[in-house]
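Asker: Sharing a model that was predicted from the sequence below.
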2 protein chains.
Amino acid sequence: MTVEQAFAATALKTWKTELEKADTFFSALTDEQLQTRVAPDKNRLVYLYGHLIAVHDRMLPLLGVGERLYPELDAPFLLEADSSTAPSPSAADLKRWWDEVHNRLNPALDGVAPTDWADRHTAVSAEDFSKNPLRNRLSVLLSRTAHVSYHVGQAVLADK
Amino acid sequence: MTVEQAFAATALKTWKTELEKADTFFSALTDEQLQTRVAPDKNRLVYLYGHLIAVHDRMLPLLGVGERLYPELDAPFLLEADSSTAPSPSAADLKRWWDEVHNRLNPALDGVAPTDWADRHTAVSAEDFSKNPLRNRLSVLLSRTAHVSYHVGQAVLADK
């Protein structure tokens, strides 16, 4: 195993470990539990579940590994904050969307050649990347790993 | 910049970005705010602050880059859960400990040669590492990055 291979495999393993914690938690929720808030006046679990699906779906084009599946999730779960008038998909629909996004995303991430993680992601221009080579694909994977952990930390606080 | 350098720099940048969010949040708290719970019946902010200091202090020996500074924090903030009888250091003490730990830890992390991140950490034997080369130093850095994000996600929910 080369150093580049070890680095890429380690980053992917951490991503999948944190993702698995989210999946274990959210996939076990009932429709009723999804309406629970993580703390008084804070986001409902349904919002966090949809939010993570939307953010991970966006990783497909951002990392240049595929087309996204559910752009319609951006408005309710990313661009807008949670509210009493926000949509509430069923637990079954959310679980299906989660599985479809990750069944497409994770094999695509596994297929990225180790050294290609140091290449730029699609939201940065070649010119900007030449000035800041840390705006690479790996930075997206690592920040999304931190992001899912952030919200799982919140989700487990819900008194469901 | 080599691929290994880009990988190491990207991992360190993500670590520092998430760490900075924690520092910004916790260092601004008063003694009174530190007694707030992140959610009803859940950890107090003082516990999370001390917990992160203890966990990060342990990274020094775990990554083989130094001796830890505050082993006495393990019992109240790591081995034991938060409780009404748990200690409550002052905001000033916690901030001092945080700063001292990270002023030692972060320069030490910056000093790790990029390819050395693929080496084993000190809690895994050479034999076990040969079976699983992902038990490397980078895995510690990435999991601790996810860990700090997890608890910052909780901390910001406190109604302080």
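Answerer: Cool, got the structure.
Asker: alpha carbons only for contacts and neighbour counts from here, please
Answerer: Noted.
Asker: Not counting its neighbours along the chain, what's nearest the residue of chain A found nearest chain B?
Answerer: Relative to chain B, the nearest point of chain A is residue A:150 (4.0 Å; C-alpha to the nearest C-alpha). Leaving aside its sequence neighbours, residue A:150 sits nearest to residue B:150 (C-alpha to C-alpha, 6 or more residues apart in numbering or on different chains; 4.0 Å).
Asker: Show me what the helix or strand containing that neighbour is packed up against.
Answerer: Element membership for residue B:150 (DSSP states H and E) is helix B:137-155. In terms of contacts (3 or more C-alpha pairs under 8 Å, 6 or more residues apart in numbering or on different chains; DSSP states H and E), helix B:137-155 is packed against helix A:3-26, helix A:137-155, helix B:3-26, helix B:45-62.
Asker: closest to residue A:38 out of those helices?
Answerer: Closest to residue A:38 of the helices and strands packed on helix B:137-155 is helix A:137-155 (C-alpha to C-alpha; 5.6 Å).
Asker: hmm, who's touching that closest one?
Answerer: Helix A:137-155 is contacted from outside by A:11-12, A:14-15, A:18-19, A:21-22, A:38, A:45, A:48, A:52, A:56, A:59, A:63, A:116-121, B:7, B:10-11, B:14, B:18, B:142, B:145-147, B:149-154, B:157, using C-alpha atoms under 8 Å, 6 or more residues apart in numbering or on different chains.
Asker: One more: stretch A:53-71?
Answerer: Counting by C-alpha under 8 Å, 6+ apart, A:73-74, A:77-78, A:97-98, A:101-102, A:105, A:108-109, A:121-123, A:137, A:140, A:144 sit against stretch A:53-71.
Asker: Give me the buried subset of those.
Answerer: Using 16 or more other C-alpha atoms under 10 Å in any protein chain shown as the burial test, the contacts of stretch A:53-71 include A:73-74, A:77-78, A:97-98, A:101-102, A:105, A:109, A:121, A:137, A:140, A:144 as buried.
Asker: okay if I get those as JSON lines plus secondary structure?
Answerer: Putting the buried ones among the contacts of stretch A:53-71 into JSON lines (DSSP: H, G, I helix; E, B strand; the rest coil) gives the following:
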{"residue": "A:73", "secondary structure": "helix"}
{"residue": "A:74", "secondary structure": "helix"}
{"residue": "A:77", "secondary structure": "helix"}
{"residue": "A:78", "secondary structure": "helix"}
{"residue": "A:97", "secondary structure": "helix"}
{"residue": "A:98", "secondary structure": "helix"}
{"residue": "A:101", "secondary structure": "helix"}
{"residue": "A:102", "secondary structure": "helix"}
{"residue": "A:105", "secondary structure": "helix"}
{"residue": "A:109", "secondary structure": "helix"}
{"residue": "A:121", "secondary structure": "coil"}
{"residue": "A:137", "secondary structure": "helix"}
{"residue": "A:140", "secondary structure": "helix"}
{"residue": "A:144", "secondary structure": "helix"}
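Asker: of all those, which comes closest to residue B:27?
Answerer: The closest of the buried ones among the contacts of stretch A:53-71 to residue B:27 turns out to be residue A:144 (C-alpha to C-alpha; 24.9 Å).
Asker: per-residue pLDDT, the closest one?
Answerer: Note for residue A:144: predicted pLDDT of 98.
Asker: So it versus residue A:28, what's the distance?
Answerer: 22 Å (C-alpha to C-alpha, to the nearest Å).
Asker: same check, this time on residue A:98
Answerer: Taking C-alpha to C-alpha, one finds residue A:98 at 13 Å from residue A:28.
Asker: Just the pLDDT for residue A:1.
Answerer: 88.
Asker: just residue A:85 next, same as before
Answerer: What the model reports for residue A:85 is a pLDDT of 81.
Asker: Also residue A:23?
Answerer: Value listed for residue A:23 in the pLDDT field: 98.
Asker: what about it, neighbour count?
Answerer: Using other C-alpha atoms under 10 Å in any protein chain shown, residue A:23 has 16 other residues around it.
Asker: How about the one 3 residues further on?
Answerer: For residue A:26, the neighbour count with other C-alpha under 10 Å is 23.
Asker: Any idea which of the helices and strands packed on helix B:137-155 gets closest to residue B:34?
Answerer: The nearest among the helices and strands packed on helix B:137-155, by C-alpha to C-alpha, is helix B:45-62 at 4.7 Å.
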